[in-house]
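In: Got a predicted structure here, sequence first:
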Amino acid sequence: MSRPTVAAALAALAACAPAPEGEGVVDDALQAPSPTPAVSAERRRPSRADDAASCVAEPSAPAAAGKVVMALDATGQPVASVHLVNTTRRTLALGARLRTQVGGLPRTVETPAQPVRPGASVQQQVALRALGIDPGGVLPTRIEGSVLAHEEDGRLVGRAPLEAAEVGPSPDQALDGLLRGRRLKARRVVDPGVPGVKAALVALDRGDAGLWLDQLDDPDDEGGLPTPEPNYSSAVPDDEGLYHYRFCMRWPVSWSDAGFGEDYGTQPEAAWKARGGKTRILSHDEVLFDGWLDLDGCTPVIDTPYHTDFWLIGSSMARLGTNTIIARRDDGKTEGSLRLVDEVGGSGTKYYTFAPGSLTNLIAAPAFTLARIGSVEDQTFTVHDRCRTAQEGKACCNCASADQIWIDSTSLKFLIAHEMGHVILSSNTSYLNDCSVTVSDTLPCYTASEHAIDSLETQSCAAMEGWAHFVAVRAFNDHQESDNPGAVLQYWRDAGLTVDVEQGPVGGVDTYFEATCGLTPSQQPGFGVELDWLRTWWDYHTNPSPGVRPSVGLMIDELASDSTWTPSDTYTVIRDGIDAASGDTQRARWVQMATWNGIDH
């Protein structure tokens with residue numbers, strides 16, 4: 001016999017007639033009990049004059065039927081709605097046992113039994129999270145289970161299978177279910193028309209929908225960073241019936257400050273390695289990988305019997321060493337991204353790009369910066385796609401404090417790396433800083449804002465901002481290309497100023513403080529300019545002599561060895577910290593670079 005439907009059961013009840021042949025039996029274990037000798041045939045066949053409550057199905061009909069569907073609760077959140085029908089002529093307590101398997105992990109939830117009169121129905125709701133399902137997630141999930149029928153004394157009298165529900169991000173479901181559940185709208189659905197790639201919708205910020213992206217024909221699109229060649233051989237398993245895959249994932253990025261002479265990140269529209277990205281890979285409901293990608297954005301080699309139906313699920317989180325980066329939308333939530341692949345092909349390294357989202361720039365640039373800079377441990381940095389509010393401290397945009405970053409200019413990779421420089425510095429040293437201390441507007445290099453790359457500031461402000469500039473320069477420039485490597489910083493203010501770190505405006509031994517601002521240390525003691533401090537940090541890191549070229553790690557150790565900076569004595573405090581950590585030779589190196597660039601006051 002075929003499986004009954006709730007609609008059929010309700011139709012039979014509404015017509016006050018037996019359930020149709022072939023649709024009446026749910027399960028042999030859930031038949032209405034056979035009538036006792038005291039029950040007459042007349043009672044089993046009620047007339048229209050009987051009370052409506054006695055207008056029920058025949059004893060041969062199922063005791064109950066049910067189905068589970070996706071719905072929204074009163075607050076607009078997606079839930080599993082269970083519809084149960086009592087098809088007997090007596091009151092039963094009906095409940096449901098729901099089962100899911102998300103990422104290979106089974107989950108069972110049993111709803112409380114509720115008394116249901118003969119011929120009546122009841123609806124119950126179960127939160128998706130109780131079933132292990134992320135309401136905004138992208139995992140394919142089937143919700144199935146059983147109707148449980150109890151007598152009023154609690155005795156179980158039978159069970160029947162529920163009509164199951166599918167939860168998954170097919171385009172129609174995404175429009176009608178998942179996206180609506182997150183109160184987002186999909187702008188468009190694109191069929192890629194490429195063999196082996198499915199159209200997919202992913203819930204993104206500001207009502208956009210993440211779309212498919214092809215396999216990369218040329219995965220080397222990061223300004224010369226090496227990448228292994230792709231392998232698209234036919235799907236032939238080894239002698240044990242296994243395929244061996246290494247998945248290398250990319251984040252799509254879009255920059256307005258790319259291609260100004262830097263060495264890395266030179267393409268405005270590109271796909272960057274998903275360095276350390278949080279990723280889950282499934283095939284045929286089996287979790288093949290659930291963890292963090294390596295610095296090349298790749299998984300370890302995965303051995304699997306499958307070569308079809310792969311789900312590649314990313315998150316706006318990354319882990320590099322013992323450090324974690326989390327990018328959050330303006331509503332405080334992280335963001336997921338998905339690639340669906342019908343056919344992976346033969347064993348080898350496979351390259352795929354996640355769907356674009358509002359946070360891809362905000363996870364890619366910090367991860368790249370941390371990979372290039374390194375030398376911090378056990379830190380968690382959070383990057384917010386918004387400005388900081390007054391309730392969180394001083395209201396600001398494109399700023400950082402402690403381990404938090406707030407960005408509203410998300411297309412500027414140098415700016416994002418600059419803010420990473422601040423949180424790296426604050427995690428390793430302490431300083432008393434006040435960039436709001438400004439000089440008289442009658443002096444050269446005055447700025448109406450708190451600070452700029454060419455403004456006159458307290459030493460601690462200029463040093464701190466100069467360090468953050470240095471980190472951005474170090475991230476996107478090759479520091480080993482010569483004995484005195486050049487570098488550029490695409491500065492985000494002044495309508496996009498390209499700063500040549502070695503030979504830029506005035507530059508070299510002619511310091512900006514003295515040559516452009518026209519000041520002497522005696523005129524403004526304890527003050528400096530960010531540009532001079534940037535060049536000092538860069539020269540200290542890259543020049544061949546005196547002493548040795550310190551790694552960024554050694555520079556951070558030296559900063560950790562000094563005492564607390566104050567607005568006016570930062571130069572000497574850092575000098576003494578270098579002396580304590582690295583000795584006289586490195587101290588002499590620092591003094592020489594500081595003198596050349598005019599920060600030694």
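Out: That came through, no problem.
In: alpha carbons only for contacts and neighbour counts from here, please
Out: OK.
In: Next, work out how far apart Val236 and Pro252 are.
Out: 31 Å (CA to CA, to the nearest Å).
In: Please identify which of those two sits among more neighbours.
Out: Pro252 (20 against 13; other CA atoms under 10 Å).
In: Which pLDDT does the model give the more buried one?
Out: On the pLDDT scale, Pro252 is placed at 91.
In: Does it touch Ala271 like I think?
Out: Yes. Using CA atoms under 8 Å, Pro252 makes contact with Ala271 at a distance of 4.3 Å.
In: Can you name the residues in contact with stretch 374-387?
Out: Stretch 374-387 is contacted by residues 321-330, 332, 359, 362-363, 395-398, 403-408, 410, 423-424, 427-428, 552-553, 556 when judged by CA atoms under 8 Å, 6 or more residues apart in numbering.
In: Just the buried ones out of those, please.
Out: 321, 323-330, 359, 362-363, 396-398, 403-408, 410, 423-424, 427-428, 552, 556 (16 or more other CA atoms under 10 Å).
In: Among the residues you listed, which are located in strands?
Out: Applying DSSP state E to the buried ones among the contacts of stretch 374-387, the entries found in strands are Asn323, Thr324, Ile325, Ile326, Ala327, Arg328, Gln404, Ile405, Trp406.
In: Nearest to Arg339 among those?
Out: Distance to Arg339 across those (CA to CA) is lowest for Ala327, with 19.6 Å.
In: Would you map the helices across the stretch 401-550 of the chain?
Out: Assigned by DSSP state H, counting those that start in this stretch, the stretch 401-550 of the chain shows helices spanning 413-426, 459-476, 530-542.
In: Ok, the stretch 251-400 of the chain next?
Out: Using DSSP H, counting those that start in this stretch, helices in the stretch 251-400 of the chain cover 360-373.
In: For burial, what's the neighbour tally of the residue nearest to Thr324 when sequence neighbours are not counted?
Out: Using CA to CA, 6 or more residues apart in numbering and skipping the chain neighbours, the partner closest in space to Thr324 is Thr380 (4.6 Å). Number of residues near Thr380 (other CA under 10 Å) recorded here: 15.
In: ok, so what distance separates Thr380 from Asp330?
Out: Thr380 is 19 Å from Asp330, by CA to CA.
In: name the element the nearest residue to Pro546 once chain neighbours are set aside belongs to?
Out: Spatial nearest neighbour of Pro546, chain neighbours left out: Arg589 (5.3 Å); criterion: CA to CA, 6+ apart. Assigned by DSSP states H and E, Arg589 belongs to helix 584-597.
In: buried set for that helix?
Out: Gln586, Arg587, Ala588, Arg589, Trp590, Val591, Gln592, Met593, Ala594, Trp596, Asn597.
In: Skipping adjacent residues, who's closest to Thr308 in space?
Out: Per CA to CA, 6+ apart, closest to Thr308 is Glu343, 4.5 Å.
In: Quick check: that neighbour touching Asp309?
Out: Yes. Using CA under 8 Å, Glu343 is in contact with Asp309, at 6.5 Å.
In: how deep is the residue nearest to Gly259 when sequence neighbours are not counted tucked in, by neighbour count?
Out: Leaving aside its chain neighbours, Gly259 sits nearest to Thr266 (4.4 Å; criterion: CA to CA, 6+ apart). Counted with other CA under 10 Å, the neighbours of Thr266 add up to 19.
In: My read is that Thr266 contacts Val253, right?
Out: No. Applying CA under 8 Å, one finds Thr266 not in contact with Val253, separated by 11.4 Å.
In: Show the residue spans covered by the strands in the stretch 51-200 of the chain.
Out: 64-72, 78-86, 92-102, 105-110, 114-116, 121-127, 141-150, 156-161, 165-167 (DSSP state E, counting those that start in this stretch).
In: now the third one, how far from the centre of its chain.
Out: Strand 92-102 has its average C-alpha position 32 Å from the chain's average C-alpha position, going by CA atoms, centre = their mean, to the nearest Å.
In: now the fourth one
Out: Going by CA atoms, centre = their mean, the spacing between the C-alpha centre of strand 105-110 and its chain's C-alpha centre is 26 Å.
In: Direction included, what does it pair against?
Out: strand 92-102 (antiparallel) (DSSP bridges).
In: circling back to that earlier point, from the ones in strands among the buried ones among the contacts of stretch 374-387, which is closest to Leu92?
Out: Arg328 (48.5 Å).
In: so how far is Asp403 from that closest one?
Out: 14 Å.
In: Quick check: bridge partners of Val82?
Out: Val68, Gln124.
In: List the contacts of it.
Out: Contacts of Val82 (CA under 8 Å, 6+ apart): Gly66, Lys67, Val68, Val69, Ala96, Gln123, Gln124, Gln125, Val126.
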